[in-house]
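[1] Next come a sequence and a model predicted from it.
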Amino acid sequence: MKTAARGPFPVRVDAGWRRGGRKGREMEKKRIRMIVAYDGTNYHGWQIQDNGITIESELNRCLTELLREPVQVCGASRTDSGVHALGNVAVFDTTARMPAEKIAYALNQRLPEDIRIQRSEEVAGDWHPRYCESRKTYEYRIYRAEFPMPVKRLYSYFTYHALDVGRMREAGACLEGEHDFKSFCQTGAQVLSTVRTLHTLQVEEQGPDLVIRVCGNGFLYNMVRIIAGTLLEVGQGKREPETMREILKAKDRAAAGPTAPAHGLTLVCYEFL
């Protein structure tokens, strides 16, 4: 038996496939794309870890049980511990004969209640979310009040400080466009380039909630949380809005503000272009 490369996943090739016989029909692989939503509170992030349960490990476990073959998913975004998602994207290869659109229904019967597949569908064998041009949207949610609200504690960052939303919007506008975001990347991250494009950065008031919504072509490690932490300092009057340009020029993590807590962050969606 030989192995041929077909995109990032290996695809087995044998005589039965080439002859197109019964064996080939039964073993032919197909690639499945899933839209995955989850509450990240009880997980050590997306990527498999030695020290705890992750979203990826739960998907692998339940898919392997469901399809009765070893399955390893590959996610578009490796969200951190405590970060939530409404629309992360994952792909995997399978030889199972279950229709692609039915996998979401069957898998949701096995997954923990804080992980749910929103859609499953077959895609081209070489399609991969990390190698496609895309836009990704995140939201960082802040709850402003005199006292914390228990039902919001897992999904928003609480502050009793007054925030100047106008100043935060002015500061956020400085980050729109293509920039080197090295100052907004966690020290030690290994990437080829720290240049990214922010298409939009909005600061929206929803009653006592303040939502920082960012849409870009990609994000560095902890980038959105560092942006949120820095905007919080601007809103509290600890920084001037125009210092955002100085932070960008510094290309130094120490120049930016703190990394905001993970639980306020949600990956909203991917748009593939």
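    Yep, that arrived.
[2] In contact with A100, which residues?
    By Cβ atoms under 8 Å, 6 or more residues apart in numbering, the residues touching A100 are 30, 32, 120-122. From N, CA and C alone the C-beta is placed, and that goes for glycine too.
[3] Now neighbour count too, for those, in a markdown table please.
    Shown next, in a markdown table, are the contacts of A100 (neighbours: other Cβ atoms under 10 Å):
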| residue | neighbour count |
| --- | --- |
| K30 | 15 |
| I32 | 24 |
| S120 | 23 |
| E121 | 14 |
| E122 | 15 |
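[4] quick one, phi psi at the residue most central in space within the chain?
    Nearest to the mean C-alpha position of the chain, counting by Cα atoms, centre = their mean, stands S77 at 3.7 Å. The phi/psi pair for S77 (degrees, to the nearest 10) reads phi -130, psi 130.
[5] thought it was touching K136?
    Yes - using Cβ atoms under 8 Å, S77 makes contact with K136 at a distance of 6.9 Å.
[6] From the rest of the structure, what touches stretch 240-252?
    Contacts to stretch 240-252, defined as Cβ under 8 Å, 6+ apart, come from residues 167-168, 170-172, 174-175, 179-184, 194, 230, 234, 255-256.
[7] Recalculate using a threshold of 10 Å.
    Identification of contacts with stretch 240-252 by Cβ atoms under 10 Å, 6 or more residues apart in numbering yields 164, 166-175, 179-185, 187, 194, 226-227, 230-231, 233-235, 239, 253-257.
[8] now the helix or strand hosting I227: mean pLDDT?
    For I227, the host element (DSSP states H and E) is helix 223-235. In this model, helix 223-235 has a mean pLDDT of 98.
[9] any idea how far that helix is from the chain center?
    Here helix 223-235 is found 18 Å from its chain centre; the criterion is Cα atoms, centre = their mean, to the nearest Å.
[10] ditto for stretch 124-142
    In this view, stretch 124-142 has its centroid 8 Å away from the chain centroid, taken as Cα atoms, centre = their mean.
[11] Same check on stretch 49-60?
    The answer for stretch 49-60 is 15 Å, by Cα atoms, centre = their mean.
[12] ok so, going back, can you spell out which helices and strands pack onto the helix holding I227?
    Applying 3 or more Cβ pairs under 10 Å, 6 or more residues apart in numbering; DSSP states H and E, we find helix 223-235 packed against strand 134-144, strand 157-159, helix 165-173, strand 195-206, strand 209-216, helix 243-250, strand 265-272.
[13] Pretty sure T266 sits against T41.
    No - between T266 and T41 there is no contact under Cβ atoms under 10 Å: 11.7 Å.
[14] For I227, list the residues it contacts.
    Neighbouring residues of I227 by Cβ under 10 Å, 6+ apart: 138, 140, 171-172, 175, 181, 184, 198, 201, 212, 214, 219, 244, 247, 256-257, 259-260.
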